[in-house]
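[1] Attaching a predicted model along with its sequence, questions to come.
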Amino acid sequence: MNEPNAILNEIQLDALGELLNIGMGAATASLSTMVRREVLLSIPVISVLSQHQVPNQLYDKPPHTISGVRQSFSGEFSGDALLLFSDEDSISLVKAVLGETLPLAQLSEMEEEAITEIGNIILNACISSLANVFQEHLNSDTPEYLHEELNDLFADGQGDDSFVLLLKMSFQISEQDITGHVTFIMDIESITTVKNKINAMLGI
Amino acid sequence: MIVNHPTLHPDQNDIFNACGFGIILIDDCSRLLYWNHWVNKHSQQSLESNKGKSLDVVFPILGKTRLLQAISDALEHQLPSTLSHKLNRKVFPLSFRNGKDVEHNIKLIPLKKDNNTHHCLIEITDISAAVKRENQLRDISAQMRQEKEWANVTLMSIADAVITTDQHGRITSVNDKAEKLTGLNRSEMLGEISSDICPVAQASIGANPHPINACLEKRHTLTDSDNYHFLAADGSTYAVNLSIAAIIDLDDSLLGTVMTFRDITQSRNISDQLNWQAKHDHLTGLLNRRELETKIEEHRLDAKNYGNSHNLLYIDLDQFKIVNDTCGHGIGDKLLKQISQVFQDQLRKDDILARIGGDEFCVLLPMCPAENALKIANTLRQATLEYRFVHDNKPYMLGASIGLSKISGHERNAAEILSAADSACYSAKSLGRNRVQVHDSQDVDDEQPQQVMQWFSRLQSALEEDRFILYAQEIASIHHPHTAHYEVLIRMLDQDGKIIPPNSFIPAAERFNLMQSIDRWVLEKVCLYFADLPKNLQKLPVISINLSGISVSDKHFLQATRELFDLYGTPTDRICFEITETAAISNFKDALTFMTEMKKRDCRFSLDDFGSGLSSFTYLKTLPVDYLKIDGHFVKNITDDLVDKEFVESIHRIAQIMGIKTIAEFVENEKILDILRDIGVDYAQGYGISKPVPLDTLQFA
């Protein structure tokens, strides 16, 4: 299984994208309430790739460091759910959500906490929609704030079979050019489980 | 529904109560199971009186918050939640004893109770200190931002380009002017190494380490230096005034540098232009006198130190004045420009041509032996002669009188060399123009320039103090010994009474325009002499007076002469004026006027030094001359040199035909006199006849 695209075929990916989109829809609704602005969702693009390919897949010009929220989940399949923003966008997001007129050059710990909450809402929605669709029970850790080098985050540290189910979905807060990406990092075993689940659901 | 009352071990209870954060535990129906002492303390409510109550009953305010949603996510979907202070102000009504609110973050963690039921742990963290800290930070940050903005606006509005770098030389800020001067965008420059982006070269040296490196490595500061050129991205180069300073922290560590520069090309151009103007003659573009003197001085030192041979030419344009006066200054200027080109065309690459006055030019001939210099001088003279300046379809002919002086290195300064060449040029002019005269420091007639300068004041004071005396030398009639004819010769008396011969001071007098004064002095003395002679004298002697070309051509002198004659009642028929052939011819028209006027008063005229100049009989025909004075150089050798004898004979013959009497000078002995007598020359003068004696000692029978 060295060829990532062989893991999930086109149909399976589309189906997964559709499912996650439903969850994201709920998440953006609550985000929209929080920021009291319209939040637009892009059409999700789903792919499976090895970890080191992620930065270039996410960004035309990958930023050096990245901000975001990580929430680990476990159950029949397990992994990390990540919500990622470029540093600039994380600041813009705080600005949009909190209406801070004088943002600091970097996020304060309070603001990091706010980002964590936003990430928590979105990632909870994704994780719960996965759990719902597959009628699975997934345990989830409390969300943690991330500020790391993009390359470190997707280093092949977790072993050869660590692939990423990349859900590249961006949301935009109206009149603000803020893009966030949701990604799931799962090992081959978990992805295979997900694949079987999709097959079962689709009646294949 | 039965409320499940959990029982905690007393130790566990102590531990939870000791926690510095709030812990609330609720069951699957959101009913309060437990909270620790921290919640007791800050909610001012007891656990005992609320246990079993739904949490939104205990704290009705929760209905307005996201907490209930989060509780349901935890209980129903087992999803943990974070409620940040920023997004959820005042979820729980908690306060400190002083009444201030407890600012808090909330975490909800689902706890699995059994297969189907979950409890929820609510963790409340006091972040009041962090909130306070952040507010302070925000204030400081706002203040800093404001200051930075001030600094930035100042930086941007500064007329100089300002670029700052970090301690590695990477560009951290660029103002508008720096963008303009470098021709690069700010985005292209930020983060780049400044020595790559802003290459400068020291004007005098060229490639050398970028001064910013010296600043980074050794903290060398460069202040206000005009020595650099900026090499812009588009390939252009311009002069800059550059300053670079290191920014040092309080603990003496290098933070970075500030580089400021401005384009001084324009001001440097202006100063270059001024510099050029200071060294050049604006009309012809040639070097001016000052710069020439600098060059001469350089070559004088070179000659002195290395023995190299350099020469200087001093050129005076003959006839320029005519063009300038008759055609106007504009045309004169045009002529000067053209003649500069004529000169330039004849010169070698390294020769230095300068215009040092109206129609005066100089050529410095470096590494040029005297012989070559003379050749070049003659080429210039010839080129001038052949050149025709045409104005209004009229051609004007020019001539050049050129003085040549060698730069030996023994001179004291450039001025000395220049005046030596000048005096040689003057000699060339007085010898009839259109010629080259070599300055000879051995020549008594052409004394050292500084001595000539001294002569000026000596002459002035001699004139003021009347310290001249007249000598008289007989001009003896060879065939009619009874006639008395004398030439008066001037001598100067020095302050110590020493008698100075005319060849010592006449050149200086000519130089300084004192000849008229001297001529006038002589004339008056002669008039006085006649006035003092006894009235009963039967036969008055004829007195010959030398007149300079300047005096002959001056109307005022003519007028002064008339007045003197009238004043003293001078027997003008006994006056003979001696004018050199050269003076008469070079001021022909004026000389003719003077002679004609004086002829009306029966004065006589003698043409002096005939044979040394043009010896033009054509002129002789038109001038009312009574005597022709054959140049002594021919007479001197008449006994040995047949050519000289023949020359004297032919002059005499022609003079005879023209009805002009001849006088031979330098008659030093009887033998010469015999030959002259044979030829038929009318008069003889010289040491062989009689030596000059003071005029007032002359005795008449």
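    Right, received. Where do you want to start?
[2] Now name the helix or strand holding the residue nearest the centre of chain A.
    With distances taken as CA atoms, centre = their mean, A:V182 lies nearest the centre of chain A, 1.8 Å away. Assigned by DSSP states H and E, A:V182 belongs to strand A:181-187.
[3] Is the residue nearest to the centre of chain A in contact with A:T28, as I believe?
    No - using CB atoms under 8 Å as the test, A:V182 is too far from A:T28 to be in contact (11.0 Å). Placement of C-beta: from N, CA and C, glycine included.
[4] Now for these two: what residues contact both?
    Counting by CB atoms under 8 Å, 6 or more residues apart in numbering or on different chains, the shared contacts of A:V182 and A:T28 are A:I122.
[5] ok, back up a step: beyond the strand holding A:V182, next helix or strand please.
    Counting by DSSP H and E, the next helix or strand C-terminal to strand A:181-187 is helix A:188-202.
[6] Would you indicate which residues of that next one are buried?
    A:I188, A:S190, A:I191, A:T193, A:V194, A:K195, A:K197, A:I198 (16 or more other CB atoms under 10 Å in any protein chain shown).
[7] got the CA positions of that helix in CSV?
    Coordinates of each C-alpha in helix A:188-202 appear next as CSV, following Å, rounded to 0.1, in the frame of the first residue of the first chain:
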residue,chain,number,x,y,z
ILE,A,188,-3.1,2.9,7.6
GLU,A,189,-5.0,0.6,9.9
SER,A,190,-7.5,3.3,10.8
ILE,A,191,-7.9,4.4,7.2
THR,A,192,-8.6,0.9,6.2
THR,A,193,-11.2,0.7,8.9
VAL,A,194,-12.8,3.9,7.6
LYS,A,195,-12.7,2.5,4.1
ASN,A,196,-14.5,-0.7,5.2
LYS,A,197,-17.0,1.5,7.0
ILE,A,198,-17.7,3.5,3.9
ASN,A,199,-18.0,0.4,1.8
ALA,A,200,-20.5,-1.1,4.3
MET,A,201,-22.4,2.1,4.3
LEU,A,202,-22.5,2.3,0.5
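[8] residue ranges for the helices of chain A, please.
    For chain A, applying DSSP state H gives helices covering A:4-7, A:10-35, A:54-58, A:87-98, A:109-134, A:150-153, A:188-202.
[9] Quick one: closest of those to chain B.
    Across those, chain B has its closest neighbour in helix A:109-134 (3.8 Å, CB to the nearest CB).
[10] can you state the direction angle for that closest one and helix A:87-98?
    Orientation check (axes from the mean of the first three to the mean of the last three CA atoms, to 10 degrees): helix A:109-134 against helix A:87-98 gives 90 degrees.
[11] how about B:E649, what does it touch?
    Each residue near B:E649 by CB under 8 Å, 6+ apart is listed here: B:I679.
[12] circling back: the strand holding A:V182 pairs with which strands, and in what direction?
    Its sheet considered, strand A:181-187 pairs with strand A:79-86 (antiparallel), strand A:162-168 (antiparallel) by DSSP bridges.
[13] tilt between the last one and helix A:10-35?
    When you say that, I think you mean strand A:162-168. Going by the same axes, to 10 degrees, strand A:162-168 makes 60 degrees with helix A:10-35.
[14] Need the CA coordinates for strand A:162-168. CSV is fine.
    Backbone C-alpha positions of strand A:162-168 (Å, rounded to 0.1, in the frame of the first residue of the first chain) are rendered in CSV as follows:
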residue,chain,number,x,y,z
SER,A,162,1.4,7.1,8.7
PHE,A,163,-0.8,8.6,6.0
VAL,A,164,-3.0,11.5,6.2
LEU,A,165,-6.6,11.7,5.3
LEU,A,166,-6.6,15.2,4.2
LEU,A,167,-9.8,17.0,4.1
LYS,A,168,-8.9,20.3,2.6
